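[1] structure, please.
(one chain, ligands or ions: 1)
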Amino acid sequence: MCGVVGILSPGQQASPLAALALFALQHRGQESAGVAVADGEQVMVYKDLGLVTQVLDERRLPSLRGEMAISHCRYSTTGSTVWENAGPAFRLGPRRAVAVGHNGNLVNTRQLLELLPGRRGRLHGSTDTELLTALLAEEPAGDLVQTLRSVLPRVSGAYALVVMDEGRIVGVRDPYGFRPLVLGRLAGAAGWMLASETAALDILGADFVREVEPGEMVVLERDGVRSERFAEGRLNLCVFELIYFARPDSYMLGRNLYEVRRRMGEKLAAESPAEADIVVPVPDTGAPAAAGFAERSGLPYREGMVKNRYVGRTFIQPSQQMRQRGVSIKLNPLREVVRGKRLVVVDDSIVRGTTTKQIVSLFRRAGAAEVHLRISSPPIYHPCFYGIDTQIETELIASRSDLDGIRDFVGADSLAYLSIDGVLAAIDLPRERFCFACFDGRYPVPVPYDVAAHKFVLEGDGAAVLALPAASGTATS
Ligand code: SF4
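    Okay, the predicted model is just below:
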């Protein structure tokens, strides 16, 4: 996950715009937020742990002056949640200052570390982004675009980047396009913006221009925008962006995500109907699919649970203890709605199963007669190494239990998942354009076996990390 924004706004300060756009991407990462600005001569960064509104308030932004800015909100996939790892990453090198906002996760961090003079001792933080930023700042090649051309072919994994030096912003999408990145035009000005999702364009009133293509660099400079290609691209967009990561009001590949999710609910109802009285979403992300399920099944749609929207998404919170605490403080069932009723409860996914179990338990304690769980995505059997923090297979309940075992664990009366074909029918695009690896184990970019320890690869004893044997295989099946 993570959200990234880039703003070029000639004639006006860019940092308030970068902060506001980042606010629209808060769902993509809640551990830290930050903005970097450039005025043609220098780059400045302000970042801290916390939500966008906590970090980038009106006291901070006026001092961050410049017509260019990038911003970043973090969800950790490499490195701990500490100030040093907040984004944007920044490095002052011998030839340039570089700030980087990164959405995604690199899979050859250890090999990249070998390329850095002085290696780990030269890093301020312990993220793959920090390492990439150091490589870009230390690279002796010419300007920032040439530097990216030189460094990126050595980088493997998922990366949607906004990279800024003193005089330009470059939007970059890896050759597989795992993570989204769009280009927009600021209204009423000769300005441009880059963002993880179109919802960030909407909040600034910017016009959608197009998606940045896999293997493409889009360069924003005072005299205009240009496109350069650093690799052949073959789109493998993370299908989970469409299932629930991205906002429902965002568009990807020409599809509105609310509509895609509503159709997933329709397909789910067709594949796995249930004898029930009402359809209830798990708020908020289960709502579009629940609406589709209700329409297709002819059952009434009811809000059966209230969510405290000021508590972060349980899945995003980095520790199990926090996740468990999160569910109990953020969701409260509506007893009058569910008491005595047979419920179809629709959610978008089951990862570890612990959150789902608590939700089913909440409905039962509120008096539900039956709970029929319907999930608008297939079972997650395999971990993600491209930017979602499910890095240990044994954490995934579907990888260690069959359907009956999962149903028993979560305490539902029945359980069904949407099929991969159902997902594709709802999206109405070819399977080849997406990464489905957490469902089918076919990783588009080979992942070293030892990458399971990847999250903290740049922490602890760096020498010991480097002494580990080289990866000898891949997790691709
Ligand atoms: S492995 Fe799963 S979560 Fe990761 S990019 Fe692929 S589809 Fe998305």
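[2] ok, which stretches of the stretch 151-300 of the chain are strands?
    160-164, 169-173, 182-185, 192-195, 207-211, 216-221, 224-229, 237-238, 251-252, 255-256, 278-281 (DSSP state E, counting those that start in this stretch).
[3] same list, the ones you listed, but as JSON lines with mean pLDDT, distance to Ile350 and mean neighbour count please.
    Every residue, glycine included, has its C-beta placed from N, CA and C. Listed next are the strands of the stretch 151-300 of the chain as JSON lines, based on pLDDT from 0 to 100; distance: least, C-beta to C-beta, whole Å; neighbours: other C-beta atoms under 10 Å:
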{"stretch": "strand 160-164", "mean pLDDT": "98", "distance to Ile350": "27", "mean neighbour count": "30"}
{"stretch": "strand 169-173", "mean pLDDT": "98", "distance to Ile350": "30", "mean neighbour count": "27"}
{"stretch": "strand 182-185", "mean pLDDT": "98", "distance to Ile350": "30", "mean neighbour count": "22"}
{"stretch": "strand 192-195", "mean pLDDT": "98", "distance to Ile350": "30", "mean neighbour count": "29"}
{"stretch": "strand 207-211", "mean pLDDT": "97", "distance to Ile350": "30", "mean neighbour count": "15"}
{"stretch": "strand 216-221", "mean pLDDT": "97", "distance to Ile350": "35", "mean neighbour count": "21"}
{"stretch": "strand 224-229", "mean pLDDT": "95", "distance to Ile350": "39", "mean neighbour count": "13"}
{"stretch": "strand 237-238", "mean pLDDT": "98", "distance to Ile350": "18", "mean neighbour count": "24"}
{"stretch": "strand 251-252", "mean pLDDT": "98", "distance to Ile350": "23", "mean neighbour count": "21"}
{"stretch": "strand 255-256", "mean pLDDT": "98", "distance to Ile350": "24", "mean neighbour count": "16"}
{"stretch": "strand 278-281", "mean pLDDT": "98", "distance to Ile350": "15", "mean neighbour count": "27"}
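[4] can I get those in TSV with distance to the ligand?
    Output for the strands of the stretch 151-300 of the chain, formatted as TSV (distance: least, C-beta to the nearest ligand atom, whole Å):
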stretch	distance to the ligand
strand 160-164	12
strand 169-173	14
strand 182-185	18
strand 192-195	19
strand 207-211	16
strand 216-221	19
strand 224-229	22
strand 237-238	3
strand 251-252	13
strand 255-256	16
strand 278-281	22
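[5] if I look at Leu237, how far off is Val423?
    As judged by C-beta to C-beta, to the nearest Å, Leu237 and Val423 stand 13 Å apart.
[6] ditto for Thr198
    With distances taken as C-beta to C-beta, Thr198 is found 21 Å from Val423.
[7] settle it for me: which of these two has more neighbours?
    More neighbours surround Val423 than the other of Thr198 and Val423, with 25 against 22 (other C-beta atoms under 10 Å).
[8] domain-wise, how is the protein divided?
    By the record's domain assignment, the chain is partitioned as 3-236, 257-427 (automatic domain parsing).
[9] for Arg247, which of the ones you listed is the nearest?
    Shortest distance between Arg247 and these, using C-beta to C-beta, is found for domain 3-236: 4.5 Å.
[10] endpoint to endpoint, the closest one covers what distance?
    Domain 3-236 has an end-to-end distance of 19 Å (criterion: C-alpha to C-alpha, to the nearest Å).
[11] mind checking how far that domain is from the chain centre?
    Distance, stretch centre to chain centre, for domain 3-236: 14 Å (C-alpha atoms, centre = their mean, to the nearest Å).
[12] stretch 336-354 too?
    25 Å.
[13] keeping just the C-alphas, turn that stretch into CSV.
    The C-alpha trace of stretch 336-354 is given here as CSV (Å, rounded to 0.1, in the frame of the first residue of the first chain):
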residue,chain,number,x,y,z
GLU,A,336,-32.5,-3.8,16.4
VAL,A,337,-31.5,-4.7,12.8
VAL,A,338,-29.9,-8.1,13.3
ARG,A,339,-31.8,-9.5,16.3
GLY,A,340,-33.6,-12.8,15.4
LYS,A,341,-32.6,-12.4,11.7
ARG,A,342,-30.8,-14.8,9.4
LEU,A,343,-27.9,-12.7,8.0
VAL,A,344,-25.9,-12.8,4.9
VAL,A,345,-22.8,-11.0,6.0
VAL,A,346,-20.6,-9.8,3.0
ASP,A,347,-17.0,-8.9,3.4
ASP,A,348,-14.2,-8.4,0.8
SER,A,349,-11.6,-10.8,2.1
ILE,A,350,-10.4,-13.0,4.9
VAL,A,351,-6.7,-12.7,5.6
ARG,A,352,-5.8,-14.2,9.0
GLY,A,353,-9.4,-15.0,10.1
THR,A,354,-9.2,-13.3,13.5
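[14] gap between Leu20 and Asp57?
    Noted for Leu20: a distance of 12 Å to Asp57, by C-beta to C-beta.
[15] now Phe240
    Separation of Phe240 from Asp57 (C-beta to C-beta): 32 Å.
[16] neighbour count for those two, which is higher?
    For Phe240 versus Asp57, neighbours defined as other C-beta under 10 Å are more numerous around Phe240 (22 against 10).
[17] enumerate every residue touching that one.
    Neighbour list for Phe240: 349, 377, 384, 388, 438 [criterion: C-beta atoms under 8 Å, 6 or more residues apart in numbering].
[18] try Gly6
    Gly6 neighbours (C-beta under 8 Å, 6+ apart): 18, 68-70, 101, 162, 164, 169, 171, 193-195, 220.
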